[in-house]
Every structure is written in structure tokens, then in C-alpha cells.
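# Sequence and computational prediction follow.
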Amino acid sequence: MTFLVADNRFSDPDRAYRALIEAHRGLSDEASAALNSRLVLILANHIGDQAVLQDALALAKKSMVQPESASS
Amino acid sequence: MNTRKALYQFGYRRSPDQDRPTPAHHPVVVVGAGPVGLCTAIDLVQRGVPVILLDDADRIGEGSRGICYAKRTLEILDRLGVAQTCLSKGVTWKVGKVFQREELLYAFDLLPEDGHKMPAFINLQQYYLEHALVERAAQLPDLDIRWRNKATGLKPRNDGARLTVETPEGSYDLDADWVVAADGARSALRSMLGLSFTGEVFEDRFLIADVKMRGDFPTERWFWFDPPFHDGRSALLHKQPDDVWRIDLQLGPDADAKAEQAPERVLPRLRQMLGHDNFALEWVSVYTFQCRRLERFVHGRVVFVGDAAHQVSPFGARGANSGIQDAENLAWKLALVVNDAAPERLMETYEFERSAATDENIGHSTRSTDFIAPRSAQELRFRDAALALARHAPFAKRMVNSGRLSTPSTYETSLSTPDRDAWAGSARLGAPLPDAPMRDREGRPIWLLEALGGQETILYVSNGDPPPCSCRILTIGHDLIDENGFFEQRFDASPGSAYLVRPDQHLAARWRHPDSSMIERATRRLRGFDGGAA
């Protein structure tokens, strides 16, 4: 049984974040959403573990509930 | 250009060079008496090279500008004789806090380790640093500062350059073997050489305000994403000396710079942030920023340093700090070259080492800016996702980026001799030495970096044998006593270990059991002789 790893795994998380940002530069909002959907499917398949995927979904949903309204 | 009120006024004085029939000749002329130009000039003079320092103004103006000085910068300033002035005036801090709305997302501590002379950071208005440097410069007879001397012409030659200098009493020419361009982000010398300054332009506007008040905020760096007092944007609060607080407010790309600086616009914003009226506005400015650099910093005999060579966004305090580190990297090399103690190609390593440092600084500053000021709906979604996840998952906290604060570069450089032995500890080849508390021969406390000063040195851990070379040696256990074991731990030292330290206190080589020929080769290599042939 594997678990979702929530600790940082990148040697340089800032660069990983920047790579995501750069991939979206110049795209329309619709194209960005399409790119993200593809990316989610690719990464989900790479994980290849239903339990981990469920954990990731649960974490993402949990973070949607915010104590206060965030930025508009 | 300079509309700031003068805080310190200096006088123009006629130089004998202005009355010569032919141009006077000097080894080094530094253009620009900001922090970087002053540091370069002072360091060169301390190394025995006389310097002419030209500045187009005759005063230090109001406005705090660069306020955060990092540990490595303070160590450099200590060697230049001004750190104590800065420390006693400055506000020492090391804790940063990042908030979203009113909630603390995380806190960081920049220097959780004891046994360093200098703190992680101090905050100090740039004018205090400049004033301390000008006072230090005045103690040095070989440092000739010429106020209201504006460089208006530059003619490069193979063995130097001719500068045309404009003064209130007309213009004159100067010949220099080397010209150091420290004339800032709008460098006139850069334009005179027709060099392009390229990079990324950021559109977001930021309001910067210095506010005088008695606040009971702690001396920490506080950063808010989407603060309750400034919806959807970011804010930064930082303490300076004299009960002055620095406030940065993100305004967005469409803000009207002029309108935003008007008191009727600024004061309500600050009132909302501080929750009271009991403050006075000292200085306010609206800025945008760019991350740009020159492709090359050394152009024949003209060398660019600081903002004249590269510009970063303010997040991370990488402007003044990296400029002062440029100054330190350049000064010892230029001094060796001017004194014929090293080949001219040593200057290429200034280019190489500081160019890599510039890319590192621009990279950090760009990534922080991406996070703080998202440019599209999708970037904002990523940013808000990271912030939201940060409450639930440690990995996301690491992605939250409110500025990665200036740390010194570790040089991957031909001046270093690659390690042959295995080493633990925090000392790294190419990096500045970690400091350590020691005692001298008389038992008086002394810091390792103080003992080193600006001289090339071998640190040798005594094993009973005589020291392995005839260069400047400090023997641990004899000249310096490692009373509390900090040195041993940080340098993974064992009896017989030796460390070759550059004049800028970066580690150039180390051995478990060196012989004199190994040290001889490494010291030649450090000066740019026999590069790579170790």
C-alpha cells in the first residue's frame, strides 16, 4: 500500500513551479485549461496507483474549502 | 533626474588634474559613488591601488531604497571598515513570516546557527550605508572622490580608456588603465559603449512607502498574499531604523503611478493596513522593475559592476547585495592585475564568476516575481492553488514564494583546485568560508573572517609538522585556537588539513595532507596562471 507523498520531493521547487508557469505563457485561458487536463491525466497515469490518486483528489478537494474568501 | 531632497551634502572641489596641459593618468577610475562604486574604490585602495572616484551628484538623497543587507555583504563591509557603523544603526532581523489573508502560512528563520559574527540580515536605509562608506573613503588618502564630476565621454583603448569629465568649472580629460562602471541601472557608460541591456520587463506596479511610527510589530519581515487590507494583491512590511517602516504594496499593471503617489491616495491605503492614523509619511515612490543584464561585464579595460551590469526585481534583496559582491570579486583581481602580480586574463574570471551569480540572482528574482505578480488568469490559479494547498501539504509551502533572500554564490570556477579528498562540514569549495569564533595567540576572541582579512591565506591544522608552504599561513591550534570546535565541525578539519583561501574569503582548495607542490600549484591557479593545469 502506497501513500500520497505531501512533502516536497523537488531539489528546487521554485524551478518546478516556474516550468509550469512557462508552459502556459502565451496560451489562452481555454488552451491553458486543456493543457492542464492533459497534464493531470499524464501525471495520474505516471502515479499508476488508484489509492494514491484518491488521496490526491481528497487533498485537492480539501484545499478548496477556505477559511475566508481568497483573491478574486 | 535626482529630485530627492539632500540628506548629506558634499562639496565640489577643483582637482589639479583640471589644470594640466595633458590628461592626467591614473591606474583606476571608478564612475559612480553609490554603494557599489564606493565599495569597489575602498577595497582597491585597501589593496594598495589608488583610485579616482567620480560622481555626477554632490549629495546623498532621501529615500530608503535598498534596505536589506545580507550576512555576506556585512562580512564584506566589515573588511572595508564600515560594518560596525551599519550594525549599530541597523535593525537586525532573521525571521520572516508569510500570511494569506490574516492567517500565518509559514515562518522562516534565516540563520538558525550560532557562531557567526554577522547576523542573517540587517535593515538600514541605503543613505546610511552610503554615508558610512563616504566617511570611510575620507580616511583613505589614496581615494580621491570628485563630486559633481560627470563622465560624459569614454574612448576605449587597448591599454585603457580616456574619460571626458564635466564639472561646474568646465570639462577635462582623464586617462585610466582601467575604468570601473558603477553608474547604476541607467549607466551612461553602458550607453557610451553602445551595449544592450536585455531581459524581462514586469508590468506590475508597486507602491513603496516609508512610514514613521511607533509600531509594536516585531522586527520581522512580514509578507501578505491577499491581505485583508489590500484585497487580491500583496503587501510587505519591514522595519528600518529611526522608527521607520518600509511598506510595499502591489498595485497591479494598470495603476497610475502619479495618482498613486498622491497623499490622498496613499494615506487611506496605509491607514487601512496599519489600522490607525498615527504615522507620518516619509517617502513614497511607485516603481516597476525589470530583470536585465549585460551579456558581458568586461569590455576591454572597462568593467561593469552592480546595477550598471545587471538589474533584478527587489524581491529577495539581490540588488545592492549582489552589487557589493561584484565589487569584492573585482577588487582583489584588479589589484593583482594592476600590480602585475597576475595575468590580465584573471579579469575573465570576474566575468565568469559574477555572470553565473547574476543568472542565479535573476532566476530567483524572476521566479519570485512570477509568484507574487501572476500575469494571467491561469498563473493566478496556480498561485492560489499553491497557497491553498500550503495549509494542507508541506510540498506546497515550499512553492510559496514571497522572495528568496540573497545568499552568496558558490563559484564553479577555474580558480578552484578540485577536491581530491572527501569532505563533510558546511565549507564548500568556491563558496565564502563559514565564519567561526576563535581565540588568537593571546587568548583574545577573534572571528575567523576577521583574522583572514583580505589576504590570500593558508589555514593549516597543525599536526606537529612544520607548515607546508612559505605563504601567509594561519595555523589552527597556534595562531588561532578553535576553542569550541566550530572550525573543526564546519571545515571537517583533521590534523594536517590545509585550506587555501582567496582574498575574497572564498575557498579555493583544500587537502587532508598537502605537500608544498600541491599548494604552490593551487596558489598559481588561484591567480589565473596555469588555469586548469593542476
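That came through, no problem.
# residue boundaries of the helices in the chain?
Unless you meant another one, I'm taking chain A. For chain A, the helices defined by DSSP state H cover A:13-24, A:29-47, A:50-64.
# Please refer instead to chain B.
Going by DSSP H, chain B shows helices at B:35-46, B:71-79, B:83-89, B:126-138, B:188-192, B:257-260, B:263-274, B:319-338, B:346-372, B:377-390, B:394-399, B:448-452, B:486-491, B:516-526.
# most packed of these?
Here the criterion is mean neighbour count by mean count of other CB atoms under 10 Å in any protein chain shown, and of the helices of chain B the winner is helix B:35-46, at a mean of 28. The C-beta positions use only the backbone N, C-alpha and C, and glycine is treated the same way.
# What ranges in chain A fall below the confidence cut-off?
A:1, A:66-72 (pLDDT under 70).
# who in it is up against chain B?
Residues of chain A lying near chain B by CB under 8 Å from any CB of the partner chain: A:5-10, A:13-18, A:20-21, A:24-25, A:27, A:29, A:32-33, A:36, A:59-60, A:62-64, A:66-68, A:70-72.
# Make a PyMOL selection of the buried ones in the residues you listed.
To isolate the buried ones among those in PyMOL, judged by 16 or more other CB atoms under 10 Å in any protein chain shown, type:
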select buried, chain A and resi 6+8+13+14+17+18+20+21+24+32+36+63+71
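# who's in contact with the closest residue to B:Arg292 other than its chain neighbours?
Among residues not flanking B:Arg292 along the chain, B:Gly199 sits closest, at 3.4 Å (CB to CB, 6 or more residues apart in numbering or on different chains). By CB atoms under 8 Å, 6 or more residues apart in numbering or on different chains, the contact set of B:Gly199 is B:Gln290, B:Cys291, B:Arg292, B:Arg293, B:Gln311, B:Ile362.
# now B:Val45
B:Val51, B:Ala137, B:Leu140, B:Asp142, B:Leu143.
# Give me the buried subset of those.
Looks like the contacts of B:Val45 have B:Val51, B:Ala137, B:Leu140, B:Leu143 buried, using 16+ other CB under 10 Å.
# wait, which of those is closest to B:Asp173?
Distance to B:Asp173, by CB to CB, is smallest for B:Val51 among the buried ones among the contacts of B:Val45, at 17.7 Å.
# mind listing what that closest one touches?
Counted by CB under 8 Å, 6+ apart, B:Val51 has contacts B:His26, B:Pro27, B:Val28, B:Val29, B:Val30, B:Thr40, B:Ala41, B:Leu44, B:Val45, B:Asp142, B:Leu143, B:Asp144.
# Surely the first one touches B:Asp173?
No. Under the criterion of CB atoms under 8 Å, B:His26 lies out of contact with B:Asp173, with a separation of 11.6 Å.
# So between those two, which is more surrounded?
A count of neighbours by other CB atoms under 10 Å in any protein chain shown puts B:His26 above the other of B:His26 and B:Asp173, at 20 against 16.
# Next one: that one from B:Tyr172, what distance?
13 Å (CB to CB, to the nearest Å).
# B:Ala356 now?
Applying CB to CB, the value for B:Ala356 to B:Tyr172 is 38 Å.
# And A:Leu53, by the same measure?
A:Leu53 sits 75 Å away from B:Tyr172, going by CB to CB.
# Pick out whichever of those two has more residues nearby.
Set side by side, A:Leu53 and B:Tyr172 show more neighbours around B:Tyr172, with 19 against 15, by other CB under 10 Å.
# can you count the residues close to B:Asp504?
By the criterion of other CB under 10 Å, B:Asp504 has 23 neighbours.
# and residue 24, what is it in contact with?
Here I'm looking at chain A. A:Ser32, A:Leu35, B:Ser376, B:Gln378, B:Glu379, B:Phe382.
# Can you look at chain B instead?
So B:Ala24 contacts B:Pro16, B:Asp17, B:Leu174, B:Asp175 (CB under 8 Å, 6+ apart).
# Just put those in TSV and tack on distance to B:Gln240 and neighbour count.
Formatted as TSV, these follow (distance: CB to CB, whole Å; neighbours: other CB atoms under 10 Å in any protein chain shown):
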residue	distance to B:Gln240	neighbour count
B:Pro16	41	7
B:Asp17	39	18
B:Leu174	38	24
B:Asp175	42	17
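# how about the closest residue to B:Ala320 other than its chain neighbours, what does it touch?
Excluding the flanking residues, the one nearest B:Ala320 by CB to CB, 6+ apart is B:Gly66, at 3.7 Å. B:Gly66 is in contact with B:Pro35, B:Gln126, B:Leu129, B:Ala317, B:Gly319, B:Ala320, counting by CB under 8 Å, 6+ apart.
# Quick check: the first one touching B:Tyr127?
No. With contact taken as CB under 8 Å, B:Pro35 and B:Tyr127 are classed as non-touching, separated by 10.1 Å.
# Next, count neighbours for A:His46.
8.
# gap between the spatially most central residue of chain A and B:Ala396?
Closest to where the C-alpha atoms of chain A average out (CA atoms, centre = their mean) is A:Val40, at 7.0 Å. Plainly put, A:Val40 is 16 Å away from B:Ala396 if you go by CB to CB.
# ditto for B:Lys333
Distance from B:Lys333 to B:Ala396, by CB to CB: 43 Å.
# Nearest to B:Asn484, out of the helices of chain A?
Nearest to B:Asn484 among the helices of chain A is helix A:13-24 (35.0 Å), distances taken as CB to CB.
# most surrounded residue in the contacts of B:Gly199?
Counting by other CB under 10 Å, B:Gln311 has the largest number of neighbours within those, with 25 neighbours.
# State the number of residues packed around the residue nearest to B:Gln9 when sequence neighbours are not counted.
Distance criterion CB to CB, 6+ apart; nearest residue to B:Gln9, sequence neighbours excluded, is B:Arg59 at 4.9 Å. Around B:Arg59 there are 18 other residues, counting by other CB under 10 Å.
# Would you mind naming what in the stretch 151-300 of chain B lies close to chain A?
Residues of the stretch 151-300 of chain B found near chain A (CB under 8 Å from any CB) are B:Phe225, B:Asp226, B:Asp231, B:Gly232, B:Arg233.
# In a markdown table, list those residues along with pLDDT and neighbour count.
Below are these laid out as a markdown table (pLDDT from 0 to 100; neighbours: other CB atoms under 10 Å in any protein chain shown):
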| residue | pLDDT | neighbour count |
| --- | --- | --- |
| B:Phe225 | 94 | 25 |
| B:Asp226 | 92 | 21 |
| B:Asp231 | 87 | 12 |
| B:Gly232 | 87 | 13 |
| B:Arg233 | 91 | 21 |
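# Farthest-apart pair in these, please.
Across those (CB to CB), the longest gap, 11.1 Å, separates B:Phe225 and B:Asp231.
# check contacts around B:Glu483.
Counted by CB under 8 Å, 6+ apart, B:Glu483 has contacts B:Pro437, B:Met438, B:Arg439.
# what sits opposite the nearest residue to the second one once chain neighbours are set aside in the beta ladder?
Right, the one you point to is B:Met438. Closest residue to B:Met438 apart from its sequence neighbours, by CB to CB, 6+ apart: B:Leu480 at 4.4 Å. Note on B:Leu480: beta-bridge partners by DSSP bridges are B:Ile476.
# Let's see which of the contacts of B:Val45 end up in strands.
Among the contacts of B:Val45, the members falling in strands (DSSP state E) are B:Val51, B:Leu143.
# And the contacts of B:Val45, which is closest to B:Ala255?
B:Ala255 has its nearest neighbour among the contacts of B:Val45 in B:Ala137, at 39.2 Å by CB to CB.
# Does that closest one touch B:Cys39 like I think?
No. The pair B:Ala137 / B:Cys39 is not scored as a contact, 9.9 Å apart, by CB under 8 Å.
# for B:Ile362, what are its contacts?
Counting by CB under 8 Å, 6+ apart, B:Ile362 touches B:Gly199, B:Cys291, B:Arg293, B:His310, B:Val312.
# can you list these in JSON lines and add pLDDT?
Below are these laid out as JSON lines (pLDDT from 0 to 100):
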{"residue": "B:Gly199", "pLDDT": "93"}
{"residue": "B:Cys291", "pLDDT": "91"}
{"residue": "B:Arg293", "pLDDT": "97"}
{"residue": "B:His310", "pLDDT": "97"}
{"residue": "B:Val312", "pLDDT": "89"}
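# Sweet, I'm off.
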